[in-house]
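Q: kindly generate the corresponding structure for this input.
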Amino acid sequence: MSWKSPIVALFLAGVLIHSTALGEERPPNFVIIFADDLGYGDLSCYGSKEIRTPRLDRMAGEGVRFTDLYVPANICTPSRAALLTGCYPQRCGLYMGISPKRPEHARLGLHPDEITLAELLKTRGYATMCVGKWHLGFTPMFHPMRHGFDDYFGMPCNFHHDPRMWRGTRVIAEQADLATLTGQYTEAALSFIRTNKDRPFFLYMPHTYPHTPIKPNPKFAGRSKAGAYGDVIEEIDWSVGRILDTLAELKIDDRTLVVFTSDNGPTPQAAARHRSAGGLRGSKYVTEEGGHREPMIARWPGEIPAGRVCRELATTMDLFPTFAHRAAAPLPTDRVIDGRDIWPLLADHPGAASPHEVLFYYNGDNLQAVRWKHWKLHLPRTPDMIPWWQRGKGIGRLDQPLLYDLQNDRGERQDVALRHPDVVKEILALAESCRTELGRHGRRGDAQRATGEDKQ
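A: Below is the predicted model:
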């Protein structure tokens, strides 16, 4: 851990001492399966009539399905940063997508001083592995194994940016085989689970699909009514089934929390063709609901009551403190963690309610919308406040705020700002407070992102 700063190293050492004092009780296993560009309506249990997902439907029947789960970003890199650090990606300076095709991005990635969920869980004796698309920096200093993962199998980012396959820190293929990619990920994940069945483990499985380019496995090609897009989702469903079956076979499913969700909404092309945003307005790249609201299913037999639907507000940032709590790993105290422990929601505790009254929708480094209770306000914006990936998509320049009642209008069709000026005023104040607070507690500015000199 010589590459960590002294402050972080002291924190992690303190956690290890604390956890040792807790005794020998084995903490639970955690599995996060993270799809890429999956729409809110792309699963059968979320309303899809074109894509069959029997294993995810069964997982929902054996656990809990969330209706109001949000990701803090509508593109790959910042959404992954938020999941693994438990905070808005603006805090760690990763609010844009990283591409090897942009030379200036060689210096961008998840900063070495960030504490990932993998690092936190390792202090409790966890085996950790990342299987899939990393997309948090593509140079060696940002490798998953520099951020708490014992092993890695997958691709550093999108196929059209870097098609290589890695195992550990070694390139094993100059070009991934897209048709067998999900199958390869699945076998690597199962091998990790089998090897570590007798100790606590954390498996982070960020899939490459259904992000483009898409090449279905011949075993699944043509099976879906949603074309190749649906075919690869149905293979992911198969993969989830393999993981759940293996946990049962090894008799460890009753001590394993499995979560399935996605990084952001579907591409505009997929949303237009397959309506995979599930009736929500917008898609990937934008701050309408289709870009940020995602499916989330959680299963843990004996701990999470079966067959429930949770309509409370939650975010993928919540997994960081929730897993930490269940593993008895104290949260870092030297930084802001935006996620909250949602175990009461997962376990259906009496009277459990969302720990969030407000959530913020960023696009790049600009705050564009705020959800407060069941209201959502799109904030005024000028062209210079719109990142390049959003241009020409969704809401562009906005001179006056737009207000939607998501309880009765989740498709954001009817602006009710003029009817509720008091709500608009309240949310505008929340937005201003957020801009001030995040500016004060952002850990990485443009000139402070990781460079080679940061690694000692």
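Q: from the chain's centroid, how far away is the host helix or strand of L319?
A: Under the criterion DSSP states H and E, the helix or strand holding L319 is helix 319-326. Remark: helix 319-326 is offset 14 Å from the chain centroid, using C-alpha atoms, centre = their mean, to the nearest Å.
Q: can you check stretch 339-356 too?
A: Remark: stretch 339-356 is offset 19 Å from the chain centroid, using C-alpha atoms, centre = their mean.
Q: averaged pLDDT, that stretch. What do you get?
A: For stretch 339-356, mean pLDDT is 98.
Q: who's in contact with it?
A: Residues from elsewhere that reach stretch 339-356 (C-beta atoms under 8 Å, 6 or more residues apart in numbering): 64, 86-87, 298, 300, 303-305, 308, 310, 312-322, 324-326. Placement of C-beta: from N, CA and C, glycine included.
Q: try 6 Å this time
A: 86, 298, 304-305, 310, 312-314, 317-318, 320-322, 325 (C-beta atoms under 6 Å, 6 or more residues apart in numbering).
Q: same question, stretch 381-399
A: Contacts of stretch 381-399 (C-beta under 6 Å, 6+ apart): P268, G282, Y285, V286, E288, N363, G364, N366, H378, P380.
Q: follow-up on the earlier one: which one among the contacts of stretch 339-356 gets closest to E412?
A: L313 (16.3 Å; C-beta to C-beta).
Q: pLDDT (mean, whole number) over the helix or strand harbouring V258?
A: Element membership for V258 (DSSP H and E) is strand 256-262. The average of the pLDDT scores along strand 256-262 is 98.
Q: quick check, C310 in contact with F66.
A: Yes - C310 is in contact with F66 according to C-beta atoms under 6 Å; the separation is 5.0 Å.
Q: relative to the strand holding V258, what are the paired strands and their orientations?
A: Strand pairing for strand 256-262, determined by DSSP bridges: strand 29-35 (parallel), strand 293-299 (antiparallel).
Q: which stretch among these comes nearest C130?
A: Here strand 29-35 is closest among the strands paired with strand 256-262 (C-beta to C-beta), at 9.9 Å.
Q: look up which residues are beta-bridged to L203.
A: Residues in beta-bridge contact with L203 (DSSP bridges): V31, M129.
Q: show me the contacts for G290.
A: Taking C-beta under 6 Å, 6+ apart, we find G290 in contact with G265, A277, L280, R281, G282, S283.
Q: wasn't it part of a helix?
A: Yes - per DSSP: H, G, I helix; E, B strand; the rest coil, G290 lies within a helix segment.
Q: give me the distance between H207 and H135.
A: 12 Å (C-beta to C-beta, to the nearest Å).
Q: tell me which of those two has more neighbours.
A: H135 (32 against 27; other C-beta atoms under 10 Å).
Q: spell out which residues make up each domain of the protein.
A: 29-346, 358-448 (automatic domain parsing).
Q: put together TSV for the ones you listed, with distance to A352 on each row.
A: TSV is the format used below for the domains of the chain (distance: least, C-beta to C-beta, whole Å):
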stretch	distance to A352
domain 29-346	4
domain 358-448	17
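Q: looking at those domains, which one is packed in the most?
A: For the domains of the chain, average neighbour numbers computed from mean count of other C-beta atoms under 10 Å are highest in domain 29-346, which has a mean of 21.
Q: first to last residue in that domain, what's the distance?
A: 16 Å (C-alpha to C-alpha, to the nearest Å).
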